[in-house]
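**Q** Let's see this in three dimensions:
(chains A and B)
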Amino acid sequence: AQSVTQLDSQVPVFEEAPVELRCNYSSSVSVYLFWYVQYPNQGLQLLLKYLSGSTLVKGINGFEAEFNKSQTSFHLRKPSVHISDTAEYFCAVSDGGATNKLIFGTGTLLAVQP
Amino acid sequence: ETGVTQSPTHLIKTRGQQVTLRCSSQSGHNTVSWYQQALGQGPQFIFQYYREEENGRGNFPPRFSGLQFPNYSSELNVNALELDDSALYLCASSLDQGRGETQYFGPGTRLLVL
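**A** Below is the predicted model:
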């Protein structure tokens, strides 16, 4: 069975500082990996996804993530955060099976302080 | 291009009642997935519809049921509501059910069961 672990429930960071949000997954098959962002009282918006190929994936809003198969990780990074990046971030995995269902982690709240 | 829309935005019901939530998929998308997001948790997969047929189901009881219409819009029905059904219900549409297809989420319907 697949699972996703987001070790940090909350990450406080000062504006213009770099940030890394951690995600580890467990799966016995090849996976597809996603990062979604959820702003208060809104649905989820895709930041980026890894399907295959280059392990460094660039997404929207200056975010990027690196797929590490040996460490079963897919950490999200941004070199300089803004106040507007304050939101909940979810890592998700899919095995690309018949349903392509997403299995989400419990989320990390990125709290950017001025 | 219109994104995924959901109605209503908020709903209050009492225990034992029935509820119907609606979702309009993004133009050209034939696959709709429903997720339940409890407070402080990541979304959990309920089921998926592909071309009007149920295409996979998560670990939810049969009182959670759904429909997909010829225009690919969808409904989620929940019978015999329980207090634990209080959550944000998210609908996501995708171009197809294929591997790694991006799921585009609507803003959600927040259901409160009293």
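**Q** Which strand or helix spans the nearest residue to B:Gln103 once chain neighbours are set aside?
**A** Take B:Gln103 and drop its neighbours on the chain: the residue closest to it by C-beta to C-beta, 6 or more residues apart in numbering or on different chains is B:Ala92, 3.9 Å away. C-beta coordinates here come from the backbone N, C-alpha and C atoms, glycine included. Element membership of B:Ala92, judged by DSSP states H and E, is strand B:87-94.
**Q** repeat for B:Tyr49
**A** strand B:44-50.
**Q** can you list the residues that contact that strand?
**A** Applying C-beta atoms under 8 Å, 6 or more residues apart in numbering or on different chains, the contact partners of strand B:44-50 are A:99-104, B:30-38, B:54-60, B:64, B:66-68, B:74, B:76, B:97.
**Q** swap in stretch A:31-38?
**A** Contacts to stretch A:31-38, defined as C-beta under 8 Å, 6+ apart, come from residues A:2, A:23, A:25, A:44-51, A:59, A:63, A:65, A:67, A:74, A:76, A:87-96, A:102, A:104, A:107, B:99-100, B:102, B:105.
**Q** Return the members of those residues classed as buried.
**A** Burial by neighbour count, judged by 16 or more other C-beta atoms under 10 Å in any protein chain shown, picks out A:2, A:23, A:25, A:44, A:46-51, A:59, A:63, A:65, A:67, A:74, A:76, A:87-96, A:102, A:104, A:107, B:100, B:105 from these.
**Q** sorry, back to before: next SSE downstream of the strand holding B:Tyr49?
**A** Counting by DSSP H and E, the next helix or strand C-terminal to strand B:44-50 is strand B:53-57.
**Q** who does the strand holding B:Ala92 touch, helix- and strand-wise?
**A** Judged by 3 or more C-beta pairs under 8 Å, 6 or more residues apart in numbering or on different chains; DSSP states H and E, strand B:87-94 is in contact with strand B:5-7, strand B:19-24, strand B:31-37, strand B:74-78, strand B:104-105, strand B:109-113.
**Q** most neighbours per residue, which of those strands?
**A** Mean neighbour count (mean count of other C-beta atoms under 10 Å in any protein chain shown) peaks for strand B:31-37 among the helices and strands packed on strand B:87-94, with a mean of 26.
**Q** Is any residue of that strand near chain A?
**A** Yes. Judged by C-beta under 8 Å from any C-beta of the partner chain, strand B:31-37 comes into contact with chain A at B:Thr31, B:Ser33, B:Tyr35.
**Q** So for the second one, what's the pLDDT?
**A** Read it as B:Ser33. Confidence at B:Ser33, expressed as pLDDT, is 95.
**Q** so how many other residues sit close to the closest residue to it other than its chain neighbours?
**A** Nearest non-adjacent residue to B:Ser33, counting by C-beta to C-beta, 6+ apart: B:Gln48, 4.3 Å away. Using other C-beta atoms under 10 Å in any protein chain shown, the number of residues around B:Gln48 comes to 27.
**Q** Cheers, nothing more for now.
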